[in-house]
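Novice: sequence and computational prediction follow.
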Amino acid sequence: QLQLVESGGGLVQAGGSLRLSCVAAVRTYVNYAMGWFRQAPGKERDLVASITWSGDSTYYADSLKGRFTISRDNAKNTVYLQMNSLKPEDTAVYYCAAKRTFRPSTYYIAVSDYDYWGQGTQVTVSS
């Protein structure tokens, strides 16, 4: 069983930045593609960004391109989400997710693709 632990959420003013981290408790992290999702109250869980397990390719929700950056450090079993120019509409619980895969250059974009989820971290952006 893979455990994912997110950190880095909090309260920030509009225009500010946050960096989320997600550490995976697993022996072989490189076989997991990773994703960040978010869910605002009363809304569905939506993809923010995803990254292949090799780290060679990324995917972003169209509305977030240019503001958010996903990256990973396989030596630290960690995936990051750098969020810049934050807006009040970015307020949500942010979840990291892992997908076991043997395809090093494939990313995954659907909630149903992922096998493991973290507990979520709250991000609140004030206006």
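Specialist: That came in fine, so what should we check first?

Novice: how far does stretch 64-79 sit from the chain's center?
Specialist: The offset between the C-alpha centroid of stretch 64-79 and the centroid of the whole chain comes to 7 Å, using CA atoms, centre = their mean, to the nearest Å.

Novice: ditto for stretch 15-23
Specialist: 10 Å.

Novice: now do that stretch: everything it contacts.
Specialist: Residues outside stretch 15-23 that contact it (CB atoms under 8 Å, 6 or more residues apart in numbering): 4-10, 12, 34, 36, 76-86, 94, 96, 118, 121, 123, 125. Using the backbone N, CA and C atoms, a C-beta is placed for each residue, glycine as well.

Novice: in strands, which of the residues you listed fall?
Specialist: 4-7, 10, 12, 34, 36, 78-83, 94, 96, 121, 123, 125 (DSSP state E).

Novice: coming back round to it: any of the contacts of stretch 15-23 buried? List them.
Specialist: 4, 6, 8-9, 12, 34, 36, 77-81, 83, 86, 94, 96, 118, 121, 123, 125 (16 or more other CB atoms under 10 Å).

Novice: which residues touch the residue nearest the centre of the chain?
Specialist: For the chain, Trp36 is the residue whose C-alpha lies nearest the centre (CA atoms, centre = their mean; 2.1 Å). By CB under 8 Å, 6+ apart, the contact set of Trp36 is 20, 22, 47-50, 70, 79, 81, 94-97.

Novice: from those, pick the one nearest Tyr108.
Specialist: Distance from Tyr108 was checked for each of the contacts of Trp36 by CB to CB. The minimum falls on Ser50, at 5.8 Å.

Novice: give me the number of residues near that closest one?
Specialist: 26 (other CB atoms under 10 Å).

Novice: what do you get for Phe102?
Specialist: Other residues near Phe102 number 7, with proximity taken as other CB under 10 Å.
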